[in-house]
Every structure is written in structure tokens, then in C-alpha cells.
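Engineer: turn this into a structure:
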Amino acid sequence: MMKIRHEKIIDTAFCFLKEDAKRLFVYIGNVIDDFRLSSFSSAKRVLLIGMTFGVMTTAVAENVTIHPANPKSLESVVVKIEVGSSCLYDPRVPVQLKQVGTVIRVDLIANPDCADFGVPFPVPDLDIKLGQFPPGVFSVDVFRTYKPSTGIAFPAVQLGSAQFTVTDSYASKTGPFPLVDYTDHWWNPQESGMGFSIMQHPSDRIFAAWFVYDQAGQPIWYTLQPGQWLSPTAYSGPIYKTTGTYLGVTYDPGQLVVTPVGTGTFIFHDYSSATFNYTVDGITGTKEITRLSF
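Structural biologist: Numbers count the residues shown, from 1 in each chain. This is a model prediction of the structure:
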């Protein structure tokens, strides 16, 4: 009987090399049934199951980096994880973020239906937005937890860590500057089809694209760039109309024409509502806008 059991274990090892993960787990399950685990001691059960899934709990140090490398206050910080395994995380499960003081913990949940067994296929790096931070020194610890379909939860293993320093973007600034990031899509719900795409850079400068219609009812785009803050909640700048090469042919830089057509001013009443005053081609008007929720 012992000889037969040894042969089954050897067969399991060969199956490990030849078969895919799911077939392997089924085969091992059959072997375990043959062993009649009910007659094993608790220690032997843990040992056998640990041998089965041990490869899934091995901590492999991942390259963890911070982008941008030298973030400024109010600038979005992203942690990049160079994925060395296709089973690193389950994209169906949200990544968990927790911050205590200046320490940020990132928890990934491994895919319970996946096993590459040291032969991973190429996968893209994983970018995770951590948020925006005040000046200071912060650290990031990345962990992975594997929860197989058997219901047995293995301890979280640390994949890597990184540290970053946020500098005060206001230290050398003079004049008015905003305390809120107004980056978003803005519109008026009563004027569907018209709106703004506002991008506020960490330098506080704004680039805004305004999509609207011309006198013939055809779509037309304007841009507001560059500009300046008149106060922490008011931004004003010139408006341009741009024409260029049709997208269906080879780009010709000689066809690019940038024409100044007026000026515009955003007056932000609060985080999610604003008024846009404009003069374009001699036409003066006002648009009440809010952040677009979708």
C-alpha cells in the first residue's frame, strides 16, 4: 500500500509538469481522496495541502516604483508594479488601499483560478493611483493575498515597497492660486452636446477644450490656453480656433492654422459648479456648467 501511495505522489509530480493548473488540482484532489485524509493527523493534512499550493504563496519581490518620481502637492501619485506573474492579482477584485499616517498599504487579491507555475505569459505592468498628498515623506507597501477556491486563505505576502517625497508646490508661488483641482468634464444638463474638457496641470495652469456648434449647426472646437488665475476661483485666458489636416490623409504641418477668436473666464463657485463668461467672434455670452457625472 505504501509503495502504491509513493507511485501516486510521483505521478502527481509528472502531472504538475505536463498538465495545466486546473487539471492538476483535480488530479491532486483525486489522490487526496485515495489517501483518505480523514485518517491523517492534522499536521499531515496541513503539510499535504501546503505542498499543493505552496508555489502560490511564494513571495517574489516585484519592482515597485512611484510616478512621478518627485511629486508636488495636489499632484496625482501612482505606484507602478512590474508584474512578474500573470497570477499576481485578480482584475475582478478591487485593489484595496489603506493609509495610516504616512504609510500606505496596497493589497492585491490573487486570481484563485490561475497558476502559471514559473512560466508566466507577458502581462502589462500594474499602475495604481494612490491619490494626492500634502508635502511630506510617504512609504508604500504592496501585499498580495491568495485565496484558493478551496476556501483556505494563505497569509498575505509582501511584494515590495517604495518611498516618495512630496514637495510644497506653493512654496515659490506668488499671486493667486487655486486650492482645488478642477480637472474634469463640465457641461450644462440643459444644453446636451455642449461642454468643456478642463485639464488643470500641477503647475495650476489650465487647458480647456470647448466643444459646441457653429452657425450652420456643425460641431466646432475651441481651446482656452494659456491663461492666469485672477483669484483662487477665477481663471481667464484667450480662446483659439484651430484647423489642420484631415485625419484620413498624411499629416501636413503646413495646414495647421491657429486663430485667436476671443477670451473666456471660468468662475468656480464651488467644487462642482461654475460660470463661463466668453466673447467669441464678437459674440458675448455666459454658460452655467457643472461637473459631468458618469
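Engineer: who's in contact with residue 145?
Structural biologist: For residue 145, the contact set (C-beta atoms under 8 Å, 6 or more residues apart in numbering) comprises 107-110, 153-157. (Glycine included, C-beta is placed from N, CA and C.)
Engineer: of those, just the buried ones, PyMOL syntax please.
Structural biologist: The buried residues among the contacts of residue 145 can be selected in PyMOL (16 or more other C-beta atoms under 10 Å) with this line:
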select buried, resi 107+108+109+110+154+156+157
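Engineer: JSON lines for the contacts of residue 145, including secondary structure, distance to residue 212 and pLDDT?
Structural biologist: Shown next, in JSON lines, are those (DSSP: H, G, I helix; E, B strand; the rest coil; distance: C-beta to C-beta, whole Å; pLDDT from 0 to 100):
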{"residue": "107", "secondary structure": "strand", "distance to residue 212": "45", "pLDDT": "93"}
{"residue": "108", "secondary structure": "strand", "distance to residue 212": "43", "pLDDT": "91"}
{"residue": "109", "secondary structure": "strand", "distance to residue 212": "45", "pLDDT": "87"}
{"residue": "110", "secondary structure": "coil", "distance to residue 212": "48", "pLDDT": "83"}
{"residue": "153", "secondary structure": "coil", "distance to residue 212": "55", "pLDDT": "67"}
{"residue": "154", "secondary structure": "coil", "distance to residue 212": "56", "pLDDT": "77"}
{"residue": "155", "secondary structure": "coil", "distance to residue 212": "57", "pLDDT": "85"}
{"residue": "156", "secondary structure": "coil", "distance to residue 212": "51", "pLDDT": "89"}
{"residue": "157", "secondary structure": "strand", "distance to residue 212": "53", "pLDDT": "89"}
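Engineer: closest one of the contacts of residue 145 to residue 243?
Structural biologist: Taking C-beta to C-beta as the measure, residue 243 sits nearest to residue 108 out of those, at 47.1 Å.
Engineer: residues contacting the closest one?
Structural biologist: So residue 108 contacts 88-89, 95, 126, 142-145, 159 (C-beta under 8 Å, 6+ apart).
Engineer: one more pass at 10 Å, please.
Structural biologist: Counting by C-beta atoms under 10 Å, 6 or more residues apart in numbering, residue 108 makes contact with 62, 81, 83, 88-90, 93, 95-96, 126, 128, 142-146, 156, 159.
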